[in-house]
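Asks: Need coordinates for the below:
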Amino acid sequence: MDDKRTEACGRCSMTSVVSMTTDGDRDEEGGGRNPFDGPRIEVSDSELRKVNAPVVWLGRVKRRLDDAATRLTYGR
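Replies: Residues are numbered from 1 along each chain as shown. Next up is the predicted model:
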């Protein structure tokens with residue numbers, strides 16, 4: 001029997017997230033670490049739209065293919 005089982009419910013992920021936000025540095029009020037402190041990557045709206053354009057295009061193509069396959073399969 002394999003003892004390396006993982007939980008499918010996502011509890012492990014939630015535990016990791018909660019640990020990250022409550023452990024380590026504390027702010028002045030005694031709360032968890034502020035995720036917006038320190039260096040971070042920021043992308044402008046126009047850059048984000050430019051980078052996501054192929055994803056949007058592929059999503060529209062996929063939707064049309066799905067619609068065509070559904071019409072072909074069910075005769076609608």
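
Asks: what kind of secondary structure is Val37 in?
Replies: Careful, residue 37 is Asp; it's not Val. Secondary structure for Asp37, judged by DSSP: H, G, I helix; E, B strand; the rest coil, is coil.

Asks: what's the pLDDT at it?
Replies: On pLDDT, Asp37 comes in at 79.

Asks: roughly how far apart are it and Val43?
Replies: For Asp37, the distance to Val43 under the criterion Cβ to Cβ, to the nearest Å works out to 19 Å. No exception for glycine: its C-beta is placed from N, CA and C like everyone else's.

Asks: can you give me the end-to-end distance of stretch 36-47?
Replies: Distances were taken as Cα to Cα, to the nearest Å; on that basis the terminal residues of stretch 36-47 are 21 Å apart.

Asks: Any stretches of this protein with poor pLDDT?
Replies: For the chain, the stretches flagged by pLDDT under 70 are 1-33, 76.

Asks: change it to 90
Replies: The model of the chain has pLDDT under 90 over residues 1-44, 75-76.

Asks: So in it, which helix runs the longest?
Replies: Longest among the helix segments of the chain by residue count, using DSSP state H, is helix 45-74.
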